[in-house]
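Trainee: mind looking at a prediction? Sequence and model below.
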Amino acid sequence: MPYRFVGYAIVSADGMLAAADGVMPPTLKFPGDQRFFEAGLDASDLIVHGRNSQESQPRSPQRRRLILTHAVIKPTRDPTNSQATLWNPAHAPFEEAGAVAGMRDGTVAPIGGTNIFDMFLDRYDTFWLSQAPHVQLPGGVPVFHGVPTRSPQQTLTAHGMHAGARRLLDPAADVGVVEWTRG
Ligand SMILES: NC(=O)c1ccc[n+]([C@@H]2O[C@H](COP(=O)([O-])OP(=O)(O)OC[C@H]3O[C@@H](n4cnc5c(N)ncnc54)[C@H](OP(=O)(O)O)[C@@H]3O)[C@@H](O)[C@H]2O)c1
């Protein structure tokens, strides 16, 4: 396997990654989860995200990334960011975009939004699903299409993934992360 796919998301109790206005609210941001997410990205070789989902961390400028956009046909190096490649998956497979980004193997971290999380459902080796059980975002942006009719956990299970133990990231807010693996 040339690539290893490791996804990261934090969702509300009802499976949303952002509120109804399309923005991730402060109520879904927790220091313990943000440290976990940052360490995960530090250990990744390539990040994949939609145009609105770039993380904002001290080492973000150094990270190699694929940014999904309809603005290109062929995978194209981003003229405004030497670490970024613009990718339209309707016109090129992931492997082609990865090659343009200079990455033919290594750990790939899809980090959202919904279309991007969906796109890799059959390819994740691991999906780290953090959840804030006391935050509700009705009518928000779901982590996967079909949520909340089907929970994120049901979606991962339907795609052949299995839950590991829950690890507490923010005890005060009862925010934890579960490692979902394939096998
Ligand atoms: N809680 C979490 O873990 C988490 C994770 C990720 C994001 N978020 C938040 O959730 C919100 C998500 O924003 P969003 O829904 O706008 O999602 P997004 O996926 O970050 O951005 C959407 C844009 O990405 C491009 N795109 C997406 N799918 C594409 C496809 N199949 N082909 C080509 N281009 C594609 C399009 O760009 P063009 O318009 O250029 O074509 C589209 O307008 C943000 O507030 C973000 O901060 C939260």
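Mentor: Nice, I can see it. Numbers count the residues shown, from 1 in each chain.
Trainee: find the residue closest to Trp87 in space, skipping its chain neighbours.
Mentor: Nearest residue to Trp87 in three dimensions, chain neighbours excluded: Ala97, at 4.0 Å (Cβ to Cβ, 6 or more residues apart in numbering). C-betas here are computed from N, CA, C, even on glycine.
Trainee: report the central residue of the protein.
Mentor: Centroid-nearest residue in the chain, with Cα atoms, centre = their mean: Ile111, separated by 1.9 Å.
Trainee: and the closest residue to that one other than its chain neighbours, bridged to which residues?
Mentor: For Ile111, ignoring the flanking residues on the chain, the nearest one in space by Cβ to Cβ, 6+ apart is His49 at 4.8 Å. Note on His49: beta-bridge partners by DSSP bridges are Ile67.
Trainee: surely His49 is in contact with Thr114?
Mentor: No - His49 lies out of contact with Thr114 (Cβ atoms under 8 Å); the separation is 11.3 Å.
Trainee: that older thread, and the residue nearest to Ile111, what does it touch?
Mentor: Taking Cβ atoms under 8 Å, 6 or more residues apart in numbering, we find His49 in contact with 55, 65-68, 110-113, 116.
Trainee: so which of the residues you listed reach the ligand?
Mentor: 68, 111-113, 116 (Cβ under 6 Å from any ligand atom).
Trainee: so where do the helices sit in the protein?
Mentor: 31-42, 94-100, 114-119, 152-158 (DSSP state H).
Trainee: buried ones in the third one?
Mentor: Read that as helix 114-119. Neighbour counts over helix 114-119 (16 or more other Cβ atoms under 10 Å) mark 114, 116-118 as buried.
Trainee: what's the answer for the second one, then?
Mentor: For helix 94-100, a neighbour-count test (16+ other Cβ under 10 Å) marks 94, 97-98, 100 as buried.
Trainee: which two among these are spaced furthest apart?
Mentor: For the buried residues of helix 94-100, with distances taken as Cβ to Cβ, the pair at the greatest spread is Phe94 and Val100 (10.9 Å).
Trainee: what residues are up against the residue in the chain positioned nearest to the ligand?
Mentor: Residue of the chain nearest the ligand, by Cβ to the nearest ligand atom: Gly50 (1.9 Å). Gly50 sits next to 67-69, 112-113, 115-116 when contact means Cβ under 8 Å, 6+ apart.
Trainee: ditto for Ser53
Mentor: Contacts for Ser53 (Cβ under 8 Å, 6+ apart) come out as 111-113, 116.
Trainee: in the protein, where is pLDDT below threshold?
Mentor: Flagging of the chain using pLDDT under 70 yields the residue ranges 1.
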